[in-house]
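Q: 3D, please:
(4 chains)
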Number of protein chains: 4
Amino acid sequence: MPSNTARVAGRHFLQIPGPTPVPDRILRAMDMPVLDHRGPEFQKLGRRVLENVKTIFKTRAPVVIYPASGTGAWEAALANCLSPGDRVLMYETGHFATLWRNMAGKLGLDPVFIGSDWRQGADPEAIGAALAEDKAHAIKAVCVVHNETSTGCVSPIAKVRKAIDQANHPALLLVDTISSLASIDYRHDEWGVDVTVAGSQKGLMLPPGLSFNAVSEKALAAARAARLPKLFWSWEEMLPANRNGYFPYTPATNLLYGLDAAIDMLHEEGLENVFARHDRHAAATRAAVEAWGLEVLCRVPEHYSSSLTAVLVPDGHDADAFRARALEAFDISLGTGLTRLAGKVFRIGHLGDTNDLTILGALAGVEMGLELAGIPHRKGGVAAAMAHFAAAAKGALPRAAE
Amino acid sequence: MPSNTARVAGRHFLQIPGPTPVPDRILRAMDMPVLDHRGPEFQKLGRRVLENVKTIFKTRAPVVIYPASGTGAWEAALANCLSPGDRVLMYETGHFATLWRNMAGKLGLDPVFIGSDWRQGADPEAIGAALAEDKAHAIKAVCVVHNETSTGCVSPIAKVRKAIDQANHPALLLVDTISSLASIDYRHDEWGVDVTVAGSQKGLMLPPGLSFNAVSEKALAAARAARLPKLFWSWEEMLPANRNGYFPYTPATNLLYGLDAAIDMLHEEGLENVFARHDRHAAATRAAVEAWGLEVLCRVPEHYSSSLTAVLVPDGHDADAFRARALEAFDISLGTGLTRLAGKVFRIGHLGDTNDLTILGALAGVEMGLELAGIPHRKGGVAAAMAHFAAAAKGALPRAAE
Amino acid sequence: MPSNTARVAGRHFLQIPGPTPVPDRILRAMDMPVLDHRGPEFQKLGRRVLENVKTIFKTRAPVVIYPASGTGAWEAALANCLSPGDRVLMYETGHFATLWRNMAGKLGLDPVFIGSDWRQGADPEAIGAALAEDKAHAIKAVCVVHNETSTGCVSPIAKVRKAIDQANHPALLLVDTISSLASIDYRHDEWGVDVTVAGSQKGLMLPPGLSFNAVSEKALAAARAARLPKLFWSWEEMLPANRNGYFPYTPATNLLYGLDAAIDMLHEEGLENVFARHDRHAAATRAAVEAWGLEVLCRVPEHYSSSLTAVLVPDGHDADAFRARALEAFDISLGTGLTRLAGKVFRIGHLGDTNDLTILGALAGVEMGLELAGIPHRKGGVAAAMAHFAAAAKGALPRAAE
Amino acid sequence: MPSNTARVAGRHFLQIPGPTPVPDRILRAMDMPVLDHRGPEFQKLGRRVLENVKTIFKTRAPVVIYPASGTGAWEAALANCLSPGDRVLMYETGHFATLWRNMAGKLGLDPVFIGSDWRQGADPEAIGAALAEDKAHAIKAVCVVHNETSTGCVSPIAKVRKAIDQANHPALLLVDTISSLASIDYRHDEWGVDVTVAGSQKGLMLPPGLSFNAVSEKALAAARAARLPKLFWSWEEMLPANRNGYFPYTPATNLLYGLDAAIDMLHEEGLENVFARHDRHAAATRAAVEAWGLEVLCRVPEHYSSSLTAVLVPDGHDADAFRARALEAFDISLGTGLTRLAGKVFRIGHLGDTNDLTILGALAGVEMGLELAGIPHRKGGVAAAMAHFAAAAKGALPRAAE
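A: Reported below is the predicted structural model:
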């Protein structure tokens, strides 16, 4: 990380909702010579990660691994399943859902967007209603963002599935889990998702550069008829090679070393423990926000994200000026408000490889930054979060309360 | 590089024509915490690499950097410049040219393929003739592989440019330099190339995971009218963000750290010295092949590649059995023969971060492997290569003879 | 760092008073191939670090670098200056001063120990008085620990020098700066120190494995007459080789790479800024201790250490049980009470490469740990530290108040 | 490895007889955060390496691990076993034996040196004769270098043991295995060695910075009576702490991570395979020397070293000028001739983590360097070594012939 600036001591607090801090063990695993991607040593690695990554998605279906960052996996999901002009029902959970919708339009699809106020997850009833109206089954896919990274709201995917089923509609279900996979409970098979889109740089604790499509049988069938042009993203190119542990073109070898380590680490901790840890960090963060007298953007408690918390700043104050002041004074990166939320919210990332004391350091940076930036607030946020963590450590909190 | 096998001592000889050995300095540069890709520290990095990478392509035009491996940059070049049904003239230099042709077909283009025996680079005259016949200017682009990685033959790009100009044809010139950039002299601006396609894992000495499009003014103009669907690959998405040092979606941050280091290293050595080093290693390798009494696949000396040398094994012998034996006995990876060359050739990669003694160790592995595998040959290949290197070290060889 | 235990997420809080967290840049600098220690490339490195390290000691005198940890540099200081039976005046600042005294005894010297309550630095007057009584100049050296790592008390070295001078006594002044160098202002030349003992793993931000003797002209003269047996520690072996950038036996090459980087980093930040940062972290820590209603071990405010703070736990409570609880619940390592302080104090290290938010995370770990372990205290320590840091960030605190 | 010079491409050939190339796996294992050396996580590591390192020495006795380079372990062996004025019988195998003798003198011992021509290992008969004459048992220890790094001659330790026993002499046997341990078969217990001295930077494949004393019961008993002053080196300080996995002063934590990995790697390969590999590389190197028509320094074939080969250059030629030329032209470091061998020999290191092709690259560098430097020789050295390796790979060589 070359720099020409005066040195800032200590470790940067990277509290954006991804990329997340990469553990040393993963960085060191990646810091190894490149292998011949057509050789037997690579094949063992390829087979292992292609098989083991399924456990993270909770699926038995194939998971395609792209040597590309997450936006590509969005495009892959659409390009493999759909044909020019196909109608797709998308839900406006926030900035990223909007970007996905825009992508669908640019790819020549016909996106129908269910609007929202960016303060909650997707509404299964609205999706069900839209499908029920679509008697002709013009809608070929429903696209939902599981954890909307711009707002900190989680959509109830299992209920979306039920809504589709109750509408008796054949549309595919495509879900973006870029900022939820390996952070918030997610079940590709059990929830009947057709394509799960994911990336490396969030709950998987890797640098950016890998992305994923978990692909159901139904999605594979759809792919055989889909006519959007593609090659790099084509499952049909990938899956035959993957069966032998290989890839049809040069894979991102060193990121695969990291993925191999990341999967091991997640299982060493236990996926359920990983989720509980994220829940705990999110609850402590919201306790701090409440103590500050500020407002969490997400209006629906059941939709609270365990990956990040978006916080509204009072009218007349600039969230970005606050973020810049906190960065300058305390070397902490917080997430910016995106498009319609610009200047109005800041986002605290609490996902990936982190722990209670790091979260408290980060919340202290926020609390002091609010003071420095002159954002009206009460003190006591860090104290509230500490109370939450101390209670959790004592076992005084029921698991659900975390 | 996880392994469950018994340990093999020492350093693997990765003598495939890419990925190439990544220098420690680059691996360590990448082995650093991920930055906030929307923050000021990243911006400095982004601006620096986006500007400095141009020097490697010898261009002043923008160079788009994708967080994706090289095949993606092929797709990007086609998708940005062309519309469904567009005719493209492509030259069958070998396996990779064929893959690119196949991609063009899958993307809905109309590729016209000038056939060849896979033992030489592209023929500018044939290209000129095809263009001259295309009075209606149905051909929208000419696609040529600069260094065909499957054969070790280099196409004369400057002459291809001249052929296009002499035909007075408006077609764009798209060139794949995946296995030549930063190994063999290449000049995007001077040679009038419209899109140069490149990847990170060869002459740039990085792991796979980045790829590039250097883009001329004419290509940018074509892109404004092109109708192939795309978003991830879209220059229109990339370039405005790049102007400020940022990217429209999450970049492969750690590979950018590596790229920053790689560019520095190439200039510390001096690009002309880098090319001369590759020329020397290639000449020594061919001297070894000649001494063995084997045949270099490339039939045209002016087309000899300085990145790799493909070697024919005598009829009745299996190049892959030889490669497996060499790998097992001496821990050396050699390139396989691809599709129509399968079993008939092996390829010796001599590109990227390497030196005379490593090349000699590799050639010794080949020579002993030939013996173990029972491939008819004469001894003395290593000795011939040593003679070449010793002469070069003495300054006894004119530069051109290297 | 191999582990067979269930994974603990996030980064460990290493808040012992050394070893300190090693910055990534230094770990990566060390993670490089070993050089030939008799070759020209090494020589450049040797010359550079041998010269540049002097700036950290604020000396123009030679600094001997041992490929050994800090205890060795204690032994070196004694063995080079003294002869069997020599009397040395040592000051009992705490555990480490006692260990040094014990070493002197085992080496066959005659240590005279000025006792103390382990709650303050050395008293220059007591040293002056002892020297004044030594009319025969039997005392050959005065040994003082600058920052006593077991207690968090700093000795006023400049005043000790004055006391020696006022006694008109020829004794050498030997000072241990193991836990103060590059953390607390120190001036080998200006303060007239004869041998400064230091180690790599504290303010220098390196792993353990290097140690240092900065050596005055007077010490060199004494060394020529000294008869304690030694070879590994012998300055006479070291200094002639050092003049050419080499070492008389194999140096710890990779730690020298790290030292080279560490010196650069200290100067990029600015030594005065480094000291001010340590002062600020220490003041904030004491503010927390005061808010908790606990007692800082050091009784003399002018002797407060900026490297660490030792905190007394109330009678009837066990500091080690608290430390174990904090480690288990929050993955934080705190320093134990040593020998006569065992169970009575815990020590908070706040030296080396750290920053405000990390210190706050650490103090939060302490505050919550006190609660979990049932140590009587008031809440509000973290809040007090935050108030200190926020004031400092606003520029509201005079520098002296930090 | 900071450098201000123009970049040299590829990987340096470090062919000195130590330090040896450190495998990536070990460098990465060391490139990890420092642990609290008084905490439970460290304790697990300490116990593991202290126990497992014994297997490398083939002993059940304690092995003391110093955070210091190898010269220190020489001093430790002497200082722990002996008292001022004690007579020690030492054997002049070469430069390093001479340095050890000089150290003994500086420590106040009375070394008796059996002279030699530096072209063979120690002569057990001469040692037996000297002991037989020592009726008064004034000789307290016999010191022998197992593999003399300056000459490439191995001393027959088992025979030395027999000679001592046949003389019925109570002297301790102290053996330096710095450049043989984990490269050449060595058996602390079976051969009845009392103190084995070793270092990290040769067969153990670590950077310099750790050294070792394996200590017999008899040596421990001697230590209780020994009066040479010491503390850092004192077994009495070390062993009680080691019993719990701890160290009496700060250990070189990160090198212990590396040692942990190195022990695993040696056992993954199998110690017998490690020795056979070194034998094979040495035999191939000697085949090359013979083909060149040059002379191996070691005159006694049974004493040939498998760690390194010292080669005489013809009279009137300067080995160091040759080494400098080879370094400049081919980026290879060879060992220099030391003291009385200066300019007369160069040494080829072939120990540690290496393989056949690397050795061949190195031998090619030597052969071409001889040509560039105008050293009279015949070509064909590399070819001879290749013939040896090819035969070995075919299984055509009996194991003993390797």
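
Q: contact partners for A:Val214?
A: Actually, residue A:214 is Ala rather than Val. By Cβ atoms under 8 Å, 6 or more residues apart in numbering or on different chains, the residues touching A:Ala214 are A:Lys54, A:Phe57, A:Thr59, A:Ala61, A:Pro62, A:Val63, A:Val64, A:His188, A:Val193, A:Val195, A:Thr196, A:Ala198. Where you see a C-beta, it was placed from the backbone N, CA and C, and this is true even at glycine.

Q: with A:Gly203 instead?
A: A:Thr20, A:Ser179, A:Ser180, A:Leu181, A:Ala182, A:Ser183, A:Ile184, A:Val274, A:His278, A:Ser307, A:Leu351, A:Gly352.

Q: same question, A:Arg378
A: Counting by Cβ under 8 Å, 6+ apart, A:Arg378 has contacts A:Ala291, A:Trp292, A:Gly293.

Q: I'd like the contacts of A:Gly203 as a markdown table, with secondary structure appended.
A: Below are the contacts of A:Gly203 laid out as a markdown table (DSSP: H, G, I helix; E, B strand; the rest coil):
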| residue | secondary structure |
| --- | --- |
| A:Thr20 | coil |
| A:Ser179 | coil |
| A:Ser180 | coil |
| A:Leu181 | coil |
| A:Ala182 | coil |
| A:Ser183 | coil |
| A:Ile184 | coil |
| A:Val274 | helix |
| A:His278 | helix |
| A:Ser307 | coil |
| A:Leu351 | coil |
| A:Gly352 | coil |
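
Q: can you pull the pLDDT of the residue in the stretch 201-350 of chain A that chain D sits nearest to?
A: At 10.9 Å from chain D, A:Tyr257 is the closest residue in the stretch 201-350 of chain A, using Cβ to the nearest Cβ. Confidence at A:Tyr257, expressed as pLDDT, is 98.

Q: count of neighbours near it?
A: The number of residues packed near A:Tyr257 is 25, by other Cβ atoms under 10 Å in any protein chain shown.

Q: pLDDT below threshold where in chain A?
A: A:1-5, A:396-402 (pLDDT under 70).

Q: and the residue of it nearest chain D?
A: Closest point on chain A to chain D, by Cβ to the nearest Cβ, is A:Arg28, at 4.5 Å.

Q: burial of that residue, as a residue count?
A: For A:Arg28, using other Cβ under 10 Å, the count is 25.

Q: find the nearest non-adjacent residue to the residue positioned nearest the centre of chain A, please.
A: Taking Cα atoms, centre = their mean, the centroid of chain A lies closest to A:Ser179, which sits 1.0 Å from it. In space, and not counting its chain neighbours, A:Ser179 is closest to A:Thr149: 4.2 Å by Cβ to Cβ, 6 or more residues apart in numbering or on different chains.

Q: tell me who's in contact with the one you found.
A: A:Thr149 neighbours (Cβ under 8 Å, 6+ apart): A:Pro17, A:Gly18, A:Gly94, A:His95, A:Phe96, A:Ile178, A:Ser179, A:Ser307, A:Leu308, A:Gly335, A:Arg347.

Q: wait, does whichever strand or helix holds A:Val366 contact chain C?
A: A:Val366 is part of helix A:356-373, with elements assigned from DSSP states H and E. Yes. Counting by Cβ under 8 Å from any Cβ of the partner chain, chain C is contacted by helix A:356-373 at A:Asp356, A:Leu357, A:Thr358, A:Leu360, A:Gly361, A:Ala362, A:Ala364, A:Gly365, A:Glu367, A:Met368, A:Glu371, A:Leu372.

Q: can you map out the helices along chain A?
A: Using DSSP state H, the helices of chain A run over residues A:24-30, A:40-57, A:70-81, A:95-106, A:124-133, A:157-166, A:217-225, A:235-242, A:253-269, A:271-292, A:319-330, A:356-373, A:381-393.

Q: that older thread, select only the buried ones of the contacts of A:Thr149 in PyMOL?
A: A single PyMOL command is used to select the members of these judged buried by 16 or more other Cβ atoms under 10 Å in any protein chain shown:
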select buried, chain A and resi 17+18+94+95+96+178+179+307+308+335+347
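
Q: from the contacts of A:Thr149, pick the one nearest B:Gly115.
A: A:Ile178 (44.4 Å; Cβ to Cβ).

Q: for D:His388, see how far away A:Ala171 is.
A: Distance of A:Ala171 to D:His388, computed by Cβ to Cβ, to the nearest Å: 69 Å.

Q: starting at the chain centroid, how far to stretch A:142-156?
A: 9 Å (Cα atoms, centre = their mean, to the nearest Å).

Q: around chain D, which positions in chain A sit nearby?
A: Counting by Cβ under 8 Å from any Cβ, chain A sits next to chain D at A:Asp24, A:Arg28, A:Asp31, A:Met32, A:Pro33.

Q: for A:Glu367, give me its contacts.
A: A:Ala288, A:Trp292, A:His377, A:Lys379, A:Gly381, A:Val382, C:Met386.

Q: residues in contact with the fourth one?
A: Spelled out, it's A:Lys379. A:Lys379 neighbours (Cβ under 8 Å, 6+ apart): A:Ala291, A:Trp292, A:Glu367, C:Ala383.

Q: now for those, which sits with the most neighbours around it?
A: Within the contacts of A:Lys379, most neighbours by other Cβ under 10 Å means A:Glu367, with 26 neighbours.

Q: before we move on, back to that, which one of the residues of chain A next to chain D has the most neighbours?
A: A:Asp31 (27 neighbours).

Q: in chain A, where's the longest strand?
A: strand A:139-145 (DSSP state E).

Q: and that strand, what other elements does it pack with?
A: In this structure, strand A:139-145 makes packing contacts with helix A:70-81, strand A:87-91, helix A:95-106, helix A:124-133, helix A:157-166, strand A:172-176, judged by 3 or more Cβ pairs under 8 Å, 6 or more residues apart in numbering or on different chains; DSSP states H and E.

Q: could these be laid out in CSV, adding distance to C:Cys143?
A: Converted to CSV, those look like this (distance: least, Cβ to Cβ, whole Å):
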stretch, distance to C:Cys143
helix A:70-81, 61
strand A:87-91, 73
helix A:95-106, 64
helix A:124-133, 76
helix A:157-166, 69
strand A:172-176, 66
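
Q: of all these, which one is nearest B:Leu206?
A: Comparing these by Cβ to Cβ, helix A:70-81 comes nearest, at 18.7 Å.

Q: so is that closest one next to chain B?
A: Yes. Part of helix A:70-81 sits near chain B under the criterion Cβ under 8 Å from any Cβ, namely A:Gly70, A:Thr71, A:Gly72, A:Glu75.

Q: export these to CSV and tack on distance to A:Pro301 and neighbour count?
A: CSV is the format used below for the residues of helix A:70-81 next to chain B (distance: Cβ to Cβ, whole Å; neighbours: other Cβ atoms under 10 Å in any protein chain shown):
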residue, distance to A:Pro301, neighbour count
A:Gly70, 28, 29
A:Thr71, 30, 25
A:Gly72, 34, 27
A:Glu75, 34, 28
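
Q: including distance to chain C, could the residues you listed go into TSV?
A: Converted to TSV, the residues of helix A:70-81 next to chain B look like this (distance: Cβ to the nearest Cβ, whole Å):
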residue	distance to chain C
A:Gly70	22
A:Thr71	27
A:Gly72	28
A:Glu75	32
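
Q: of the residues you listed, closest to C:Leu327?
A: Closest to C:Leu327, out of all of the residues of helix A:70-81 next to chain B and judged by Cβ to Cβ, is A:Gly70, at 36.8 Å.

Q: list the contacts for the residue nearest to A:Glu237 when sequence neighbours are not counted?
A: Distances taken as Cβ to Cβ, 6+ apart place A:Pro248 nearest to A:Glu237, at 4.5 Å, with adjacent residues excluded. Counting by Cβ under 8 Å, 6+ apart, A:Pro248 touches A:Glu237, A:Met238, A:Pro240, A:Ala241, B:Thr71.

Q: nearest spatial neighbour of the second one, chain-adjacent residues omitted?
A: What that stands for is A:Met238. A:Val64 (5.0 Å).

Q: run a quick neighbour tally on the one you found.
A: A:Val64 has 24 nearby residues by other Cβ under 10 Å.
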